[in-house]
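> Sequence first, then the predicted structure:
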Amino acid sequence: MLFLIFSGCAGRGGTFIESVKFALEYSVPPMNFKEMIDASVKVERFSASTEYMTTVMLIKPSEYVRSSYRRGRWHVPPADLVTSLFLRDLRFSGLFKRVYSPDDIFAVDYNVDGRIEEFLQVDTPEGSYASLIILMTVTKRDTQHQGVNVVFQKTYRAIEPLKEKNPRGLAEGMSHATMRVSLSFMEDLRERLSP
């Protein structure tokens, strides 16, 4: 199920131009973490490469070319869409004792940062797919030296074939790609941080 917002304005001659805004949406993925990590984690607001700091739904129809959907847009920029889902998934996973949002100001054991490096539809002669690349970084504060240590850093990539070549199809495909990356990231967190 996708979250849609309709908005529009009157064009020339009083014609109503409809714009539809899309969000990422998927059910909380099933997770089988048997042991909780006795630590707190804060999900920071993700950042993005310059071309993805917008609500435009980008398309790569061929090499060196970018276009976009005229009447479909993301509800908020991709970094915000993905941040909220990763935060939700971590909270429901039971992996950490406490999970905080970017707005919380508590001292925590670990910080999770993400950077969107690709977030677009790719068209090929074989079909279209949603392409998602995120660089994830987990840091831990070094209280002894008043610094920050990188616990691990990894680039995640997911591609998802589109059922429909339109904004709704892109939103659905990108939702599946985001869920796959979120699950992979949490599995890596469990492996790296479990005692």
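Arrived safely.
> pLDDT score assigned to Thr15?
pLDDT, Thr15: 58.
> what do you get for Arg141?
The predicted local confidence for Arg141 is 79.
> Check for me that Arg66 belongs to a helix.
No. Checked against DSSP: H, G, I helix; E, B strand; the rest coil, Arg66 lies outside a helix; its state is strand.
> Make sure it is actually in contact with Ile59.
Yes. Between Arg66 and Ile59 there is a contact under Cβ atoms under 8 Å: 7.1 Å. Where C-beta positions appear, they are placed from N, C-alpha and C, glycine not excepted.
> what do these two both touch?
Jointly contacting Arg66 and Ile59 under the rule Cβ atoms under 8 Å, 6 or more residues apart in numbering are Leu120.
> Neighbour count for the two, which is higher?
Neighbour comparison, Arg66 and Ile59: the larger count goes to Ile59, with 19 against 12 (by other Cβ atoms under 10 Å).
> Check the gap between the more buried one and Leu95 for me.
35 Å (Cβ to Cβ, to the nearest Å).
> ok, now Ser40?
From Ser40 over to Leu95 (counting by Cβ to Cβ), the distance is 11 Å.
> One more: Ala23?
Distance from Ala23 to Leu95, by Cβ to Cβ: 24 Å.
> likewise Arg180?
17 Å.
> So between Ser40 and Leu95, which is more surrounded?
Set Ser40 next to Leu95 and count neighbours by other Cβ under 10 Å: Leu95 wins out with 22 against 16.
> The spatially closest residue to the more buried one that is not a sequence neighbour - how many residues pack around it?
Leaving aside its sequence neighbours, Leu95 sits nearest to Phe33 (Cβ to Cβ, 6 or more residues apart in numbering; 5.0 Å). By other Cβ under 10 Å, the residues close to Phe33 number 15.
> Please verify my assumption that Phe33 contacts Glu191.
No. Using Cβ under 8 Å, Phe33 is not in contact with Glu191; the gap is 10.9 Å.
> okay, and for this protein, where does confidence drop off?
Where the chain drops to pLDDT under 70, the residues are 1-17, 143-146.
> Tell me where it has strands.
Secondary structure of the chain, counting by DSSP state E: strands at 4-10, 16-22, 37-43, 47-48, 56-62, 65-74, 96-100, 110-124, 127-142, 147-161.
> Many thanks, have a good one.
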